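K.L.:
Below is the structure, and that's it, no one-letter string:
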Ligand SMILES: C[S@@+](CC[C@H](N)C(=O)[O-])C[C@H]1O[C@@H](n2cnc3c(N)ncnc32)[C@H](O)[C@@H]1O
């Protein structure tokens, strides 16, 4: 493929991601497969698509003085300008003149001479005059928002919740690449044997401190290994592994996972139970229940009974049943996973936080009565907002004196995690900058 064709595919992708409000990784995968893009172009494409979305607000700030605000640019032209400035300022792979040349070629091909000349003019001006300096922005939170491309309301909200320093570190961490982690299927292979095999393939790996099944991959593509293809390992963030570690499920127990798809934590739980016992796993739609089944099959786990079902109605299905362990890994805004899904930060609004907090509370309210006396329930989310995390858990406990916060949760945490800044009296808030994990919240509740 010619360079400009790869870049034109990038423009297409950026347009579709903005139109469809998300699913960037799925669209990129589809584009790569359908257009037979080479591995080298694939890496470049992924880098430019993610980078342009990751830096979108910064790029718009950079472009503002050079684009006549009275003219309404077509979406694809805006994407073309953004991705070109992204390459000029954040990538040093391609010289500026080549970036501009390719952008003009795309503009000619997709539009007409007028658009090509506008793109040429804007980008040459950016090159000649340089982009505006963010240091002139007086308000600290606003400056941080522009420099790290987060919506201003979100940065201000985090500053109010966690202070400026922590927010500054979090916003910057959200722009970095997260190391990939995998979990071994311990009924099929030990962590040591998996690490040996990967080392022989030239991988650089480390043991995770979050789970004795976890491995961090610093170098190497796990998707191209036998270990991955044959279900000896699965990809999972370390913060998610911690959930199952803290659930303390044992062989022979009965477990309910109320929000289970795509099945990361429930399969980990089945592994901890040595594939003995019963797990009822639910997710809202049949398609999602299929994902759980598929993941369980890939890992050769048979004790998971996956069904479609609303967690708020499970009492009907399990009227006379009580569980030893319950997991509520609730739907949430996902502000802890911005590094992998950068579009989240632009699409979620304040109202989404409040609406999700209501759903989270309803799920807890309906599922908790299914817990046995002395049973344990983990409430978790992949977000960093107190409304969805601390408040949902605290409000639940305030309403239900027969449930208590299980303080032995904190004693069971690895010491470095227990001493981390997000460990509070209500649970553990992991921030992406602290251990290079997702931003994640979890806490453990016990039935008296
Ligand atoms: C954070 S994800 C769960 C991730 C999963 N536990 C894992 O480890 O792979 C939240 C899930 O909740 C599901 N969900 C949303 N509302 C639900 C409801 N009312 N009842 C059951 N599941 C729901 C979503 O479809 C989504 O798959």
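P.N.:
Thanks, I have the structure now. Not measured: the values here are computed from a predicted model.
K.L.:
so what's the residue of the stretch 51-200 of the chain found nearest the ligand up against?
P.N.:
The ligand sits closest to residue 183 of the stretch 51-200 of the chain, with a gap of 11.0 Å, by Cβ to the nearest ligand atom. C-beta coordinates here come from the backbone N, C-alpha and C atoms, glycine included. Neighbour list for residue 183: 211, 213-215, 233-236, 241, 268 [criterion: Cβ atoms under 8 Å, 6 or more residues apart in numbering].
K.L.:
Tell me if I am right that it is in a helix.
P.N.:
No - Residue 183: not assigned to a helix; according to DSSP: H, G, I helix; E, B strand; the rest coil it is strand.
K.L.:
tally of neighbours for residue 416?
P.N.:
Per other Cβ atoms under 10 Å, the neighbour tally for residue 416 reads 11.
K.L.:
Contacts only, for it.
P.N.:
Residue 416 neighbours (Cβ under 8 Å, 6+ apart): 209, 435.
K.L.:
what's across from the residue of the stretch 51-200 of the chain closest to the ligand in the sheet?
P.N.:
residue 214, residue 234 (DSSP bridges).
K.L.:
could you dump the contacts of residue 183 to a markdown table with pLDDT?
P.N.:
Formatted as a markdown table, those follow (pLDDT from 0 to 100):
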| residue | pLDDT |
| --- | --- |
| 211 | 98 |
| 213 | 98 |
| 214 | 98 |
| 215 | 98 |
| 233 | 98 |
| 234 | 98 |
| 235 | 97 |
| 236 | 98 |
| 241 | 98 |
| 268 | 98 |
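K.L.:
Apart from its neighbours in sequence, what residue is nearest residue 208?
P.N.:
residue 214 (2.8 Å; Cβ to Cβ, 6 or more residues apart in numbering).
K.L.:
So among the contacts of residue 183, which ones count as buried?
P.N.:
211, 213-215, 233-234, 236, 241, 268 (16 or more other Cβ atoms under 10 Å).
K.L.:
Now residue 440: phi and psi?
P.N.:
phi -150, psi 140 (degrees, to the nearest 10).
K.L.:
ok, it - contacts?
P.N.:
So residue 440 contacts 237, 239-240, 242, 336, 380-382, 429-430 (Cβ under 8 Å, 6+ apart).
K.L.:
try 7 Å this time
P.N.:
By Cβ atoms under 7 Å, 6 or more residues apart in numbering, the contact list for residue 440 reads 239, 336, 380, 382, 430.
K.L.:
got it, and residue 404?
P.N.:
446, 448.
K.L.:
got it, and the one 10 residues further on?
P.N.:
Residue 414 makes contact with residue 209, according to Cβ under 7 Å, 6+ apart.
K.L.:
Next, count neighbours for the residue lying closest to residue 282 once chain neighbours are set aside.
P.N.:
Nearest residue to residue 282 in three dimensions, chain neighbours excluded: residue 309, at 4.2 Å (Cβ to Cβ, 6+ apart). Using other Cβ under 10 Å, residue 309 is surrounded by 21 other residues.
K.L.:
picking that back up, mind checking how far the residue nearest to residue 208 is from residue 184?
P.N.:
In this structure, residue 214 lies at 8 Å from residue 184, with Cβ to Cβ, to the nearest Å as the measure.
K.L.:
and residue 319, how many neighbours?
P.N.:
Residue 319: 8 neighbours (other Cβ under 10 Å).
K.L.:
so when I look at it, I'm seeing a strand, right?
P.N.:
No - counting by three-state DSSP, residue 319 is not found in a strand; it is coil.
K.L.:
on that earlier part again, state the distance from the residue nearest to residue 208 to residue 239.
P.N.:
10 Å.
K.L.:
Then residue 417?
P.N.:
Using Cβ to Cβ, residue 417 is found at 10 Å from residue 239.
K.L.:
And residue 126, by the same measure?
P.N.:
39 Å.
K.L.:
Strands of the stretch 201-350 of the chain, start to end?
P.N.:
Counting by DSSP state E, counting those that start in this stretch, the stretch 201-350 of the chain has strands at residues 204-207, 214-219, 233-235, 254-257, 278-283, 304-308, 323-329.
K.L.:
is the longest one anywhere near the ligand?
P.N.:
Read that as strand 323-329. Yes - Strand 323-329 reaches the ligand (Cβ under 6 Å from any ligand atom) through residue 329.
K.L.:
Leaving out sequence neighbours, find the closest residue to residue 379.
P.N.:
Closest to residue 379 by Cβ to Cβ, 6+ apart is residue 328, at 5.0 Å.
K.L.:
For that neighbour, give me the pLDDT.
P.N.:
Looking at residue 328, its pLDDT reads 98.
K.L.:
Am I right that it is in contact with residue 259?
P.N.:
Yes - using Cβ atoms under 7 Å, residue 328 is in contact with residue 259, at 6.5 Å.
K.L.:
Need the residues touching each of the two.
P.N.:
Counting by Cβ under 7 Å, 6+ apart, the residues touching both residue 328 and residue 259 are residue 363.
K.L.:
residue contacts, the residue nearest to residue 379?
P.N.:
258-259, 363-364, 367, 377, 379.
K.L.:
redo that, cut-off 8 Å
P.N.:
So residue 328 contacts 258-259, 311, 360, 363-364, 367, 377-380 (Cβ under 8 Å, 6+ apart).
K.L.:
taking the residues you listed one by one, which sit in helices?
P.N.:
Those of the contacts of residue 328 mapping onto helices are 360, 363-364, 367, per DSSP state H.
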